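1. the following comprises the amino acid sequence and a computationally predicted model.
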Amino acid sequence: MSKLYRSREGQITAVDTKSQLTTLGSETAPGPLLVPAGARRIAAIIAAYATDQSVAADGSIFIRLEGPGLPEGPETLIIGSQGVAVATGGHGSRTARRIEVDIPVTPANEILIFAENDGEDVGTETVGVTLEFEA
Amino acid sequence: MSKTITVVGDVNAVDTRVLLTGQGSVTSPSLVVPAGMTKIKKIIMSAAADGLAAGESVNFIRLGGNAVLGGEQTIVFGGEDSQTVQTGSDAAPSLGSFFVLEDADIDVRPSDTISIAGESAGVDVGDMTFGVTLVYGK
């Protein structure tokens, strides 16, 4: 079986708040992210985020994977950190990171993806996550 | 043996699926998967924003069309920060994001058409240009 890629994105607007990623750009209601038939594991997680740099502060961003699609229970993964000295102008591009993992999955069951800002509130962040499924 | 196809396009609004169909001086490159090629082995994705609006967005692609055997594949590849500057000041230029997905291993049907779309999600950061290269193989 080849690999299959499924993604979700969403916003974090407050620190220490679990925010579910439920949309995918123009798809405002893509429905549950189900483990594809035949998939045995998540082989990698690709994640990217961006911040509006609206607060002079520092913090980190991590994701949580939960749901019945994960027979071994929830997972957490740090995906980056952010800090700015002044909130009066800035521009940055961020390249996604691909992190290889080996997380068992249960086909046809849902995986919930959450993102969270810890540390200080660094403004509003948009987070995108792709799960790379493999047989 | 491998074969490549590169497409580019402007993604100027968030939450809008934009088909990437151009290639600079070539306005309509063929999006037919070359004969004999059965997989996408590697994907190179790049994007940059002019940062003329304050916001934050993540960028991803959608691979679809009749040629993609496993259904639409969606892949996140970067993000853009933008805090617009105060009047009379400047912001430093920002290099775009550039992400290479090695061993992509996506099944495709040769001699059928693939669609490559780019999309930005979140809060609009201004105009963006996307570039995507697919590396086909067997």
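-> Okay, I see it. Residues are numbered from 1 along each chain as shown, chains lettered A, B, ... in the order given.
2. burial measure for B:Ala117, as a count.
-> Residues within reach of B:Ala117, counting by other Cβ atoms under 10 Å in any protein chain shown, total 25. Backbone N, C-alpha and C define where each C-beta goes, glycine included.
3. against which helices or strands is the helix or strand hosting A:Tyr5 packed?
-> Element membership for A:Tyr5, per DSSP states H and E: strand A:4-12. Using 3 or more Cβ pairs under 8 Å, 6 or more residues apart in numbering or on different chains; DSSP states H and E, the elements in contact with strand A:4-12 are strand A:19-20, strand A:110-119, strand A:125-134, strand B:55-64, strand B:73-83, strand B:115-122.
4. mind putting those in JSON lines, mean pLDDT and distance to A:Glu66 included?
-> Converted to JSON lines, the helices and strands packed on strand A:4-12 look like this (pLDDT from 0 to 100; distance: least, Cβ to Cβ, whole Å):
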{"stretch": "strand A:19-20", "mean pLDDT": "98", "distance to A:Glu66": "9"}
{"stretch": "strand A:110-119", "mean pLDDT": "97", "distance to A:Glu66": "5"}
{"stretch": "strand A:125-134", "mean pLDDT": "98", "distance to A:Glu66": "13"}
{"stretch": "strand B:55-64", "mean pLDDT": "97", "distance to A:Glu66": "21"}
{"stretch": "strand B:73-83", "mean pLDDT": "95", "distance to A:Glu66": "19"}
{"stretch": "strand B:115-122", "mean pLDDT": "98", "distance to A:Glu66": "21"}
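5. among those strands, which is nearest A:Pro71?
-> strand A:110-119 (11.1 Å; Cβ to Cβ).
6. circling back to that earlier point, so what touches the strand holding A:Tyr5?
-> A:19-25, A:30, A:33, A:36, A:39, A:46, A:61, A:113, A:115-117, A:124-134, B:58, B:60, B:70-71, B:73-76, B:106, B:121-122 (Cβ atoms under 8 Å, 6 or more residues apart in numbering or on different chains).
7. how long is stretch A:83-90 end to end?
-> Length of stretch A:83-90, first residue to last, Cα to Cα, to the nearest Å: 12 Å.
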